[in-house]
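> 3D, please:
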Amino acid sequence: AEAKTGKSILQIKIKNTENVLLDDAIVKIYNAKTNALISEQATVNGLVQDSIEKGTSIRIVAEKDKFIKYDSGAEGKEVSLRNEIEEIEIILKKGGTSLLVKVHDKTTKDVIQKAKISLYNSDNQLIDENLTELAGQLEFKNLKERSSVIVTVNKEGYLPAKKKVKITLESEVLIELEKA
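Residues are numbered from 1 along each chain as shown. Alright, predicted model coming up:
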């Protein structure tokens, strides 16, 4: 029997549908129970490697421009690290579309900068989050077309907002925040 303590060496290979290893794909490893980010790195020769405590359940998100983002949580594949070496192969499919989120003040219609936008999948797992820029907007890329996401917006001085969005080709959504 494998030891239950110590670390597992996690090796993740990222390939395209033609079985070619992909460089510069961004791989994020999350703790599946807490959603805390464990590591984020880019593939070199299609590979990333990390050392993570045995017994940890992880969720893997992999993305590369012009490919559909892979999320093991959305695929229903939670990995529990048990062995000395865990090898995982992920295939990224070409495609992907974007979602542009615009944030305005509901009363003044002014753009709101530095609002925190979080994107969740239908299982309420965090896909991505960032702050709006100068124009009060933020673009999320490499999303799966015809999927549904939940967009939440938080900004100090405003009431939080939440909206469910169906991703189509080049989706755009306007969220208006009310002052708190």
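> mind checking the end-to-end distance for stretch 100-120?
From its first residue to its last, stretch 100-120 covers 15 Å (Cα to Cα, to the nearest Å).
> in the chain, which residue is closest to the centre?
Nearest residue to the geometric centre of the chain (Cα atoms, centre = their mean): I127, 3.0 Å.
> can you tell me which helix or strand it belongs to?
Secondary structure from DSSP states H and E places I127 in strand 126-131.
> any chance you could list what contacts that strand?
For strand 126-131, the surrounding residues in contact (Cβ atoms under 8 Å, 6 or more residues apart in numbering) are 30, 35, 61, 69, 71, 113-121, 138, 140, 143, 149. To be clear about C-beta, it is placed using only N, CA and C from the backbone, and glycine gets the same treatment.
> now swap in stretch 78-89 and tell me
Contacts of stretch 78-89 (Cβ under 8 Å, 6+ apart): 2, 4, 8-13, 15, 32, 52-60, 72.
> could you turn the buried ones of these into a PyMOL selection?
A single PyMOL command selects the buried members of these (16 or more other Cβ atoms under 10 Å):
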select buried, resi 8+10+12+13+15+32+52+54+56+58+59+60+72
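> tell me the bridge partners for L47.
The partner list for L47 in beta bridges (DSSP bridges) reads K13, V44.
> E133 is in contact with V111, isn't it?
No: contact criterion Cβ atoms under 8 Å: E133 and V111 do not qualify, at 9.5 Å.
> I'd say Y70 and E63 touch.
Yes: counting by Cβ under 8 Å, Y70 touches E63, with 7.1 Å between them.
> common neighbours of these two, please.
Common neighbours of Y70 and E63 (Cβ under 8 Å, 6+ apart) are L92.
> ranges for the helices of the chain?
Taking DSSP state H, the chain contains no helices at all.
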